[in-house]
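Student: coords please:
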Amino acid sequence: MKLMKILAATLLLVSSSVFAHTSLKSSVPANNAMLDKAPTELSLTFGAKVKLVGLTVVDSKGAKVALDFKAPKDMQTSFTQKLPMLKPEMYTVAWVMMGADMHKMSGKFGFMVHGPNGAMPQSHDAMPHPH
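Tutor: Sure thing, here's the model as predicted:
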């Protein structure tokens, strides 16, 4: 009987820690999106309330896009960040969030802004993939 109580308590702890972690559910632009027009903002939606603690955007050469990112104080499921004018290029968005259990998780995704008349950026084979 004592073993059953220990097993039940262990299962409860493990399952609650698994459910405490969430992931990025969607983004605008979406991962691997090919856009005819540069986006003016970036939106991230998570599966549960989280605190977004880090957000960066870099081009295919690794140059950071200037963002005026300030980590919100409150936990939320959705976040929106204004973007400066983006030139035709491939971009990688990297985010870091903290869940209710204070565990940090990170991820990245990419999108491409086409040039005039749908021209592709020169290094189109470097499109980022989610991790």
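Student: Closest to the centroid, which residue in the chain?
Tutor: residue 95 (4.5 Å; Cα atoms, centre = their mean).
Student: How is that one assigned, secondary-structure-wise?
Tutor: strand (DSSP: H, G, I helix; E, B strand; the rest coil).
Student: which residues sit in contact with it?
Tutor: 24, 44, 52, 54, 55, 106, 107, 108 (Cβ atoms under 8 Å, 6 or more residues apart in numbering). From N, CA and C alone the C-beta is placed, and that goes for glycine too.
Student: Could I get the pLDDT score of the fourth one?
Tutor: Pointing back at residue 54 there. Note on residue 54: pLDDT of 98.
Student: before we move on, the earlier item: quick one, grab the pLDDT at the residue nearest to the centre of the chain.
Tutor: 98.
Student: Run through the bridge partners of it.
Tutor: Beta-bridge pairing for residue 95 (DSSP bridges): residue 55, residue 107.
Student: Pull out the buried positions in stretch 46-53.
Tutor: Buried residues in stretch 46-53, counted by 16 or more other Cβ atoms under 10 Å: 46, 48, 50, 51, 52.
Student: Apologies, that question was intended for stretch 36-44.
Tutor: For stretch 36-44, using 16+ other Cβ under 10 Å, the buried residues are 38, 39, 42, 44.
Student: Contacts for it, please.
Tutor: 24, 26-29, 52, 55, 57, 78-83, 85-87, 93, 95, 111, 113-114, 118.
Student: Okay, helices next: where are they in this structure?
Tutor: Ranges of helices in the chain, per DSSP state H, are 2-20.
Student: just to revisit the earlier point, now, the contacts of stretch 36-44 that are in strands?
Tutor: When these are checked against strands (DSSP state E), the matches are 24, 26-28, 52, 55, 57, 78-82, 93, 95, 111, 113.
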